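Enquirer: here are the coordinates; sequence isn't available:
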């Protein structure tokens, strides 16, 4: 930790903090927790978990990168909302309330991520073992899938395809998830202190499996549980996601990660990807 700025760790933080925030929001919804303060608290808690894991995975500044990742998540949400007609109408009709809400969400997520990173920093240097990277990868891929789904859904709405066919929606979603897995895997490989290929493969599969379980649970709650064919398709998606994550990790490790595994010159770290 503390070895210079790491862009790869910012990307990891983006997925981890985003995944933590959305997971906390869904958990609050399942527990029927309501109220503005409760929502901010849930977002802060999710960001804290994401920031903590991101800091343990980082070999860079540690606290700065989770904060940047949280800011990037908020920027993504605001940008996607602004791209839809509903977002434009909300901004026009409730400008002050919208700004207040964005500010509250932004502060909650950034503070949560920074606190999580601070706690991780106080625990000292992270292990060089590849075992924790199974967890880091799983959480990163899970967050990437959630963000990809959000982006894909917003894209379909922005293109006036709210009633798009299942095939169109499925293709956009799968492509988004594949890109998310590839980028998450690349960031893992670039950040790792030891070659984490096997851990990333398993972690990628677990991350997709968690995402699939979430989709099935939400579908069941809405009264539209998946049939056997859908479940089989989701299983194939999980396996494919694990492979894509592995490919991304191999690329990140070969291009950046292994250059610093033996301990690079700290004077040059700030000018490199890592």
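Expert: Cool, got the structure. Please read these numbers as outputs of a predicted model, since none were measured by experiment. Numbers count the residues shown, from 1 in each chain.

Enquirer: burial count for residue 100?
Expert: Neighbours of residue 100 under the rule other Cβ atoms under 10 Å: 12. For glycine as for every other residue, the C-beta is placed from the backbone atoms N, C-alpha and C.

Enquirer: Show me what the strand or helix carrying it packs onto, helices and strands only.
Expert: Element membership for residue 100, per DSSP states H and E: helix 95-122. Counting contacts by 3 or more Cβ pairs under 8 Å, 6 or more residues apart in numbering; DSSP states H and E, helix 95-122 is packed against helix 7-30, helix 36-57, helix 64-82.

Enquirer: now the ones you listed in TSV, with distance to residue 129, mean pLDDT and mean neighbour count?
Expert: Formatted as TSV, the helices and strands packed on helix 95-122 follow (distance: least, Cβ to Cβ, whole Å; pLDDT from 0 to 100; neighbours: other Cβ atoms under 10 Å):
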stretch	distance to residue 129	mean pLDDT	mean neighbour count
helix 7-30	17	87	25
helix 36-57	12	90	24
helix 64-82	21	88	21
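
Enquirer: which residues of the stretch 151-274 of the chain score low on pLDDT?
Expert: Scanning the stretch 151-274 of the chain for pLDDT under 70 picks out 157-170, 219-227, 230, 260-274.

Enquirer: For it, just list every one of the helices.
Expert: 166-191, 197-221, 228-252, 258-261, 266-269 (DSSP state H, counting those that start in this stretch).

Enquirer: which of those helices is buried the deepest?
Expert: Ranked by mean neighbour count under mean count of other Cβ atoms under 10 Å, those are led by helix 166-191, which reaches a mean of 22.

Enquirer: quick one: that helix to helix 197-221, angle?
Expert: Following axes from the mean of the first three to the mean of the last three Cα atoms, to 10 degrees, one obtains 150 degrees for the angle between helix 166-191 and helix 197-221.

Enquirer: Next, report how far helix 166-191 is displaced from the centre of its chain.
Expert: 11 Å (Cα atoms, centre = their mean, to the nearest Å).

Enquirer: which residue lies farthest from the center of the protein?
Expert: Going by Cα atoms, centre = their mean, the residue of the chain most distant from its centre is residue 93, 31.1 Å out.

Enquirer: before we move on, the earlier item: out of the helices and strands packed on helix 95-122, nearest to residue 236?
Expert: helix 7-30 (22.3 Å; Cβ to Cβ).

Enquirer: May I see the helices of the stretch 151-274 of the chain arranged in a markdown table, with distance to residue 46 as well?
Expert: A markdown table is the format used below for the helices of the stretch 151-274 of the chain (distance: least, Cβ to Cβ, whole Å):
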| stretch | distance to residue 46 |
| --- | --- |
| helix 166-191 | 17 |
| helix 197-221 | 14 |
| helix 228-252 | 22 |
| helix 258-261 | 30 |
| helix 266-269 | 30 |
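
Enquirer: out of those helices, which comes closest to residue 29?
Expert: Taking Cβ to Cβ as the criterion, helix 197-221 is the member of those that comes nearest to residue 29, at 9.8 Å.

Enquirer: give the contact list for residue 183.
Expert: Residue 183 makes contact with 11, 144, 248, according to Cβ atoms under 8 Å, 6 or more residues apart in numbering.

Enquirer: Which residue is the nearest non-sequential neighbour of the first one?
Expert: Once flanking residues are discounted, residue 11 sits nearest to residue 187: 4.0 Å by Cβ to Cβ, 6 or more residues apart in numbering.

Enquirer: who are the neighbours in contact with the one you found?
Expert: Contacts of residue 187 by Cβ under 8 Å, 6+ apart are 8, 9, 11, 12, 15, 140, 248, 252.
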